[in-house]
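Q: Let me see the structure of the following:
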Amino acid sequence: MSNIGDFNPSRECFDLRREELEVLESIYPDFISNDISKGSIKFEIPVELGDLNQVLVKDAAHIGHPVSNVISLTLSLLPPLLVHVVLPETYPLQAPPEILSIRASHAWILDTSRLRDLIVEMWDTRAGEGVLCDMVEFIRSGAFLNELGMVKDLYLRAPFRIQHNTPQLLAPLLTSFETSTRSREFSQNSYSCSICITSLKGSKCLQLSCKHIFCRCCLQDFWGLCITEGDVLRVGCPDPQCVKEGRQANEEEVARAVSEEAVTRWRWLKEKSMMEKDPSISICPMVLCQKPVPKPHITDGEESGWHRLRTCTSCSYSFCSFCKRTWHGPVAACPISAYETLVLDYLALPEDSPGRKIIENRFGRSIVAKMVVAYQEEQAFKQWLANSSTPCPGCKVHIEKSLGCNHMVCSKCKQHFCYRCGSRLSATSPYQHFSIPGSRCFNKLFDYSSEEDEWQPIEGFHAL
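A: So this is what the prediction gives:
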């Protein structure tokens, strides 16, 4: 006959295992990949590094070699560890959990034997208590990486070091896992759009690279309007801080919010904006091309003439950046257009001379007269530009000042310059240019007119 106080270790182990498994399922339901009622548990535990951390993937075959292949990544997640555990009948009081296998997805850990020993040691230090929850947290938090020597100090954000036989193959797999996992988590959660103040699922939202989140409908309307109106500089994050910093959206972000036609126009507007800011960029004169052509890197100097050469990377057409004609070599001068040559020859002849009569009879008197008027208007406009405006030293656009000081900011390329002399000014201290003694612009921030040029009252004004 047995006493009431008889100890039954098997029954107590069973109760402890059942309680531990219930807690495990309630805390980490996503990490368990099979039915645990039979005592065999398969875990799939991702390694969460917290914030973005530097991960160095090194070639295991050349550790210590000065030219070993090292790839640097910035990650916050590592692929999961697949842990297969069997719980003996005497677990957790008398026996540790039996680790059948530990395998890292994509084999980013080559040797897992040390991790197996750490889990068994964990049970030894618990004096017969359950260790499954602690084991999962030990792996999930990445604390085991410190024990394996893969990071010097987990709390000082030291770089993580992964040794692999083929780093060039492992690195894109790690990056792909990070991207797909974050995308899946983002789609399942809900976020509030800062524009329409509506809470929507992540699948209906878009997170920009600056981490600000907006719904796709708001970005589609806002960016689509900016692209339609040609204001490509406003196609960026609508957050006030990002607007102040001038942060613009990249092509991937734009493509996820607007139509393909809008993306094509956005790309063209970006190229046009880049060309306007960089005066060295020319447009290919071929009618069916019209692509921007950057200035080549030539060290011979401008006097050689080669600085005028442009070769379109799209259609391979070589032309002169001055006259936009087929490349005529670095020595030959740019040819004058036939229209301008004809007008100059006509004006060089005396009025009612036989030479003028011949030109008028050949091309028509009215046509020649129109060509002369167009040429004279063009020359007058050039003279007006020279007398009444100052070209921006950045993009060469002529700017006319009506009022205000001589510190100018170009509306196209944002270049600061002096309107009097056309010199570039520092964006941080533009007024220092007007404080240099001996310079032509010293104390000339404002141009004061003489008293004779100022407004004078008409006769009888004071009587009013």
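
Q: drop to CA atoms for contacts and neighbour counts, all remaining ones
A: Will do.

Q: now the helix or strand hosting Ile71: mean pLDDT?
A: Using DSSP states H and E, Ile71 maps to strand 70-86. Regarding strand 70-86, the rounded mean pLDDT is 90.

Q: neighbouring contacts of stretch 402-417?
A: 276-278, 392-395, 399, 418-420, 423-427, 430-431, 444-447 (CA atoms under 8 Å, 6 or more residues apart in numbering).

Q: Among those, name the ones in helices.
A: Glu276, Lys277 (DSSP state H).

Q: Weed out the non-buried ones from the contacts of stretch 402-417.
A: 276-278, 392-395, 399, 418-420, 424-425, 430-431, 444-445 (16 or more other CA atoms under 10 Å).

Q: Ile51 in helix, strand or coil?
A: Just to correct that, residue 51 is Asp rather than Ile. Look at Asp51: counting by DSSP: H, G, I helix; E, B strand; the rest coil, its state is strand.

Q: And it, how far from Ser76?
A: 6 Å (CA to CA, to the nearest Å).

Q: Looking at those two, which one has more neighbours?
A: Taking other CA atoms under 10 Å, Asp51 and Ser76 do not tie; Ser76 has more neighbours (17 against 11).

Q: Isn't the more buried one up against Arg140?
A: No: with contact defined as CA atoms under 8 Å, Ser76 does not count as touching Arg140 (11.9 Å).

Q: Tell me if Arg161 really is in a strand.
A: Yes: counting by three-state DSSP, Arg161 is found in a strand.

Q: My guess is it contacts Val57. True?
A: Yes: look at Arg161 against Val57 with CA under 8 Å: they come within range, at 6.1 Å.

Q: Looking at the two, which is more packed in?
A: Legend: neighbour count by other CA under 10 Å for Arg161 and Val57, higher for Val57 (24 against 18).

Q: so that one bridges to which residues?
A: Residues in a beta bridge with Val57, per DSSP bridges, are Ile71, Ile162.

Q: that older thread, what's the spacing between the strand holding Ile71 and its chain's center?
A: Here strand 70-86 is found 27 Å from its chain centre; the criterion is CA atoms, centre = their mean, to the nearest Å.

Q: list the contacts for the nearest residue to Glu48 once chain neighbours are set aside?
A: Nearest-residue entry for Glu48: Leu77, 4.8 Å, with adjacent residues in sequence omitted and distances by CA to CA, 6 or more residues apart in numbering. By CA under 8 Å, 6+ apart, the residues touching Leu77 are Pro46, Val47, Glu48, Leu49, Gly50, Phe177, Glu178.

Q: Which among these count as buried?
A: Pro46, Val47, Glu48, Leu49, Phe177, Glu178.

Q: List the contacts of stretch 94-102.
A: So stretch 94-102 is contacted by 81-88, 91, 112, 116, 120, 123-124, 128 (CA under 8 Å, 6+ apart).

Q: if we go to 6 Å?
A: Identification of contacts with stretch 94-102 by CA atoms under 6 Å, 6 or more residues apart in numbering yields Leu82, Val83, His84, Val85, Val86, Leu87, Trp123.

Q: For the last one, pull up the helix or strand it's in.
A: With the criterion set as DSSP H and E, the secondary-structure element containing Trp123 is helix 113-125.

Q: in that helix, what counts as buried?
A: For helix 113-125, using 16+ other CA under 10 Å, the buried residues are Leu115, Arg116, Leu118, Ile119, Val120, Met122, Trp123.

Q: ok now do the closest residue to Met275 other than its chain neighbours, which residues does it touch?
A: Nearest non-adjacent residue to Met275, counting by CA to CA, 6+ apart: Ile281, 5.5 Å away. By CA under 6 Å, 6+ apart, Ile281 lies in contact with Met275, Val293, Pro294, Lys295.

Q: Contacts for the helix holding Trp123 next, please.
A: Pro96, Val131.

Q: could you point out which element follows it?
A: According to DSSP H and E, the helix or strand after helix 113-125 is helix 132-140.

Q: For the next helix or strand after the strand holding Ile71, buried residues please.
A: Going down the chain from strand 70-86, the next helix or strand is strand 98-104, by DSSP H and E. For strand 98-104, burial by neighbour count (16+ other CA under 10 Å) applies to Glu98, Ile99, Ile102, Arg103, Ala104.

Q: How far off centre is strand 98-104?
A: So, by CA atoms, centre = their mean, the centroid of strand 98-104 is 42 Å from its chain's centroid.

Q: now it against helix 113-125, angle please.
A: Interaxial angle, strand 98-104 versus helix 113-125 (axes from the mean of the first three to the mean of the last three CA atoms, to 10 degrees): 140 degrees.

Q: Partner strands of strand 98-104 and their direction?
A: Partner strands and pairing direction for strand 98-104 (DSSP bridges) are strand 70-86 (antiparallel).

Q: In the partner strand, which of the residues would be classed as buried?
A: In strand 70-86, counting by 16+ other CA under 10 Å, buried: 70, 73-86.

Q: again with stretch 216-223
A: Residues Arg216, Cys217, Cys218, Leu219, Gln220, Phe222, Trp223 are the ones in stretch 216-223 that count as buried (16+ other CA under 10 Å).

Q: Same question for stretch 410-423.
A: Neighbour-count burial for stretch 410-423, counted by 16+ other CA under 10 Å, picks out Cys410, Cys413, Gln415, His416, Phe417, Cys418, Tyr419, Arg420, Gly422.

Q: now stretch 200-216
A: Leu200, Gly202, Ser203, Cys205, Leu206, Gln207, Leu208, Ile213, Phe214, Cys215, Arg216.

Q: do the same with stretch 256-264
A: Ala257, Val258, Ala262, Val263.

Q: Can you give me the pLDDT of Gly64?
A: Gly64 is given a pLDDT of 56.

Q: Next, the residue nearest the centre of the chain: phi, psi?
A: Central residue of the chain (CA atoms, centre = their mean): Asn250, 5.2 Å from the mean position. Main-chain torsions, Asn250, degrees, to the nearest 10: phi -90, psi 170.
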